[in-house]
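Q: Here is the input, now give the coordinates:
(one chain, ligands or ions: 2)
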Amino acid sequence: MYSNMSNEPSMAEKLCLSCGMCCNGVIFADVQLQRGDAPGGLKANGLPLRLRGGKTVFPQPCAAFQDCQCKIYALRPKHCRDFECALLKSVLAGKTEFTAARKVVRTAHQRAEKVRQLLRDLGDTEETLALSKRFQRVKKQMDSSGFEEERADTFADLSMAVHELNVLLSEGFYPGA
Ligand code: SF4
Ligand code: SF4
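A: Ligands and ions are numbered 1, 2, ... in the order given. A predicted model of the protein is given here:
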């Protein structure tokens with residue numbers, strides 16, 4: 001998430017403050033700490049750090065993400081300081097107009113919300129888990145419990161919604177896109 005920390009928000013900052021998808025569990029399922037990060041300070045500020053494969057990570061949606069802002073901005077780890085999605089880079093480089101970028105963000109929010117709604121329809125209401133993990137969990141349940149017709153239709157809609165979201169993320173947000 002980007003911020004120039006000046007009093008007057010830049011276009012890029014406004015874009016991030018209207019987006020938040022690199023913090024809310026849509027783009028990432030977790031964030032890995034890197035050399036120079038201060039685990040003690042992050043933990044003291046409410047980030048539930050855990051070990052995964054010998055690396056320290058915290059899950060997304062991030063506990064410090066509130067009202068589409070990072071509440072521990074000055075302390076945020078290196079990954080967060082360094083990350084700029086393809087859309088933000090394009091705005092910063094003057095290749096994409098702010099209004100066009102806002103439109104892409106709005107579409108991504110709509111697609112993510114459609115995925116959330118279909119997950120809820122299938123009984124998954126754990127909003128504190130990243131969307132990709134929720135989808136994998138529901139898929140596993142569907143694979144093991146058999147496909148009752150109505151749920152199968154909803155799951156097909158969910159799979160399509162996840163695909164449409166992933167296409168947009170791949171084309172518009174992932175670095176190098
Ligand atoms: S996904 Fe991109 S535009 Fe959205 S908050 Fe993160 S860096 Fe900003
Ligand atoms: S620490 Fe801040 S910038 Fe990093 S994921 Fe959490 S809310 Fe986003």
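Q: List the buried residues in stretch 64-77.
A: Within stretch 64-77, the residues scored as buried using 16 or more other Cβ atoms under 10 Å are 64-65, 70, 72, 75-77. Heads up, the C-betas are built off the backbone N, CA and C, glycines and all.
Q: Out of these, which is nearest to Gly123?
A: Phe65 (25.1 Å; Cβ to Cβ).
Q: The closest one: what's it in contact with?
A: Neighbouring residues of Phe65 by Cβ atoms under 8 Å, 6 or more residues apart in numbering: 20, 23-24, 71.
Q: same deal with Glu127?
A: 61, 116.
Q: thinking again about what came up before, just the ones of the contacts of Phe65 in strands?
A: Taking DSSP state E, every one of the contacts of Phe65 sits outside strands.
Q: Intersect the residues you listed with the contacts of ligand 1.
A: Gly20 (Cβ under 6 Å from any ligand atom).
Q: Most neighbours among the contacts of Phe65, which one?
A: For the contacts of Phe65, the largest number of neighbours (other Cβ atoms under 10 Å) sits with Cys23, at 24 neighbours.
Q: any idea how far the closest residue to that residue other than its chain neighbours lies from Leu118?
A: Among residues not flanking Cys23 along the chain, Phe65 sits closest, at 4.1 Å (Cβ to Cβ, 6 or more residues apart in numbering). To Leu118, Phe65 is 23 Å away according to Cβ to Cβ, to the nearest Å.
Q: OK, contacts around Asp37?
A: Per Cβ under 8 Å, 6+ apart, neighbours of Asp37: 77-78.
Q: Doesn't it lie inside a helix?
A: No. Asp37: not assigned to a helix; according to DSSP: H, G, I helix; E, B strand; the rest coil it is coil.
Q: which of the residues in stretch 82-93 are buried?
A: Quick answer for stretch 82-93 (16+ other Cβ under 10 Å): 83-91.
Q: what's the helix or strand containing Val31 in contact with?
A: Taking DSSP states H and E as the criterion, Val31 maps to strand 30-32. Outside strand 30-32, the residues within contact range by Cβ under 8 Å, 6+ apart are 52, 55-60, 62, 77, 79-80, 130.
Q: Mind doing that once more with 10 Å?
A: Here strand 30-32 makes contact (Cβ atoms under 10 Å, 6 or more residues apart in numbering) with 22-23, 37, 42, 47, 49-50, 52-53, 55-60, 62, 76-80, 83, 130, 133.
Q: Now the buried members of these.
A: 22-23, 37, 42, 47, 56-60, 62, 76-77, 79-80, 83, 130, 133.
Q: The residues you listed also near ligand 2: which ones?
A: 23, 62, 76, 80.
Q: From those, which land in strands?
A: Going by DSSP E, the strands hold none of these.
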